[in-house]
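Peer 1: Sequence isn't available, so here's the structure alone:
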């Protein structure tokens with residue numbers, strides 16, 4: 001039976017690898033064709049049907065973002081084409097998921113971070129832009145490269161902001177969070193870079209608290225329609241403030257919070273690379289099929305309530321899905337759970353998917369000395385394989401099951417639970433690539449709860465998945481309150 005499972009997993013992995021390679025080849029072909037076209041010709045385009053149909057009732061209003069992108073002044077597009085961005089040698093440590101064709105100039109993006117930056121916003125932006133082929137530099141405005149984000153995640157920057165001062169970027173994108181937005185505001189080097197970006201009519205963007213706290217004091221919101229997090233709405237210029245998930249005004253794009261960050265990031269991809277690349281990114285991340293499924297299915301309902309703050313263990317490995325890791329940490333921390341991130345590697349630093357670098361709290365061997373109310377495995381194909389090889393984690397999962405405590409997994413990691421025998425007679429879901437190996441798979445739900453086991457479909461459903469945990473542990477009121485802070489449409 002094990003050999004059959006391994007064979008099926010290999011087949012699914014091969015299928016998705018071929019799909020990814022096809023997307024990459026399509027991107028290269030389109031970019032090559034673009035480079036051969038007249039420099040100022042802009043083809044007429046329509047909103048992709050996949051965007052129009054994908055998000056009719058969810059928090060990700062991609063279709064609106066695409067329409068806003070097309071509303072930009074054509075003169076601005078011509079100015080950008082007439083003044084191509086100067087090519088700068090890339091930072092050697094970066095590894096974009098889709099290397100651009102050599103005949104096409106790199107799209108260089110700066111994402112600065114500081115103490116208290118909103119980790120979901122930073123990592124989602126970086127991940128989505130790198131999937132599209134952008135060369136993203138994560139730059140610390142602090143003295144050190146390791147930065148503790150708002151929810152407690154330890155992010156590791158690629159470079160110091162001072163090393164970016166002489167570079168030219170196609171996009172400067174500011175994540176929000178507090179006090180992260182204030183730390184960005186107080187960085188003179190970042191202020192100079194961003195002002196230079198605006199003066200040159202190149203793209204710049206901000207989300208959450210960053211429009212009001214960072215860009216406004218710099219004078220970069222003048223005559224710009226702007227949106228932002230509801231908590232900072234009263235700080236925006238009244239006449240120019242717009243209550244929308246995404247607002248594009250010339251070269252400036254703004255958005256509201258973590259719950260709108262996928263939409264925000266895809267909008268930036270569309271502006272940098274075009275409509276077809278944005279569509280392919282959505283499809284590869286399962287954004288285009290998210291609303292075909294119900295949000296949650298629950299079987300054998302039992303109480304998860306505790307008489308103490310929940311102790312949560314999140315094991316991570318090289319290749320773990322970064323968006324899922326930070327979403328779990330951020331949302332559970334907002335709900336007042338105690339989250340410990342444990343590395344199964346030989347060091348605390350983790351190289352997650354698409355080059356995202358994280359620092360774990362402790363090694364898995366040290367985490368094994370404690371009892372955890374909940375163990376959650378993030379996905380990522382490579383990360384899941386490395387988690388599966390950890391004997392300590394395998395023992396912890398077996399003990400978790402035998403003690404009747406809570407555990408779960410997302411994306412490709414439900415296959416780990418199945419292989420280790422802790423999904424027997426349990427209904428579960430996961431990434432389409434692993435559904436065939438799950439014993440009792442539920443295909444038509446983003447999140448499945450069966451007793452004290454929870455599973456989720458993929459990274460774009462990570463917020464649904466984690467809010468379902470909050471609901472079970474703390475109740476609906478707490479889950480709804482957390483969702484409001486994320487600017488995420490919550491469905492019980």
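Peer 2: Cool, the structure landed. Everything quoted here is computed from the prediction, not taken from an experiment. Numbering: from 1, shown residues only.
Peer 1: how about the spatially most central residue of the chain, what does it touch?
Peer 2: For the chain, the residue nearest the mean C-alpha position is residue 124 (2.5 Å; C-alpha atoms, centre = their mean). Residue 124 is in contact with 258, 261-262, 265, 323, counting by C-beta atoms under 8 Å, 6 or more residues apart in numbering. Backbone N, C-alpha and C define where each C-beta goes, glycine included.
Peer 1: So what pairs up with residue 358 in the strands?
Peer 2: residue 155, residue 350 (DSSP bridges).
Peer 1: State the number of residues packed around it.
Peer 2: 25 (other C-beta atoms under 10 Å).
Peer 1: again with residue 106
Peer 2: The burial count for residue 106: 18, using other C-beta under 10 Å.
Peer 1: Wait, it touches residue 135, no?
Peer 2: Yes - the pair residue 106 / residue 135 is scored as a contact, 4.8 Å apart, by C-beta atoms under 8 Å.
Peer 1: Which of the contacts of residue 124 has the largest number of neighbours?
Peer 2: Neighbour max across the contacts of residue 124 (other C-beta under 10 Å) = residue 258, 34 neighbours.
Peer 1: Got the confidence number for that residue?
Peer 2: pLDDT, residue 258: 97.
Peer 1: The residue lying closest to it once chain neighbours are set aside sits in which helix or strand?
Peer 2: Leaving aside its sequence neighbours, residue 258 sits nearest to residue 120 (C-beta to C-beta, 6 or more residues apart in numbering; 4.0 Å). Secondary structure assigned from DSSP states H and E places residue 120 in helix 119-131.
Peer 1: Also residue 326?
Peer 2: Assigned by DSSP H and E, residue 326 falls in helix 322-334.
Peer 1: what does that helix contact?
Peer 2: With C-beta under 8 Å, 6+ apart, helix 322-334 has contacts from 118-120, 123-124, 127, 149-153, 258, 310, 312, 314, 316, 339, 341, 352-354, 356, 358, 376, 378-380, 410-411, 459, 462-463, 465-467, 469-470, 482, 485-486.
Peer 1: mind running it again at 6 Å?
Peer 2: 119-120, 123-124, 127, 151-153, 312, 314, 316, 339, 352-353, 356, 376, 378-379, 410, 459, 462-463, 466, 482 (C-beta atoms under 6 Å, 6 or more residues apart in numbering).
Peer 1: Give me the subset of the residues you listed lying in strands.
Peer 2: 312, 314, 316, 339, 376, 410 (DSSP state E).
Peer 1: Which of these sits closest to residue 278?
Peer 2: Using C-beta to C-beta, residue 410 is the member of these that lies nearest residue 278, at 24.2 Å.
Peer 1: who touches the closest residue in space to that closest one that isn't next to it in sequence in this structure?
Peer 2: Nearest non-adjacent residue to residue 410, counting by C-beta to C-beta, 6+ apart: residue 456, 4.1 Å away. Neighbouring residues of residue 456 by C-beta under 6 Å, 6+ apart: 410, 447, 465.
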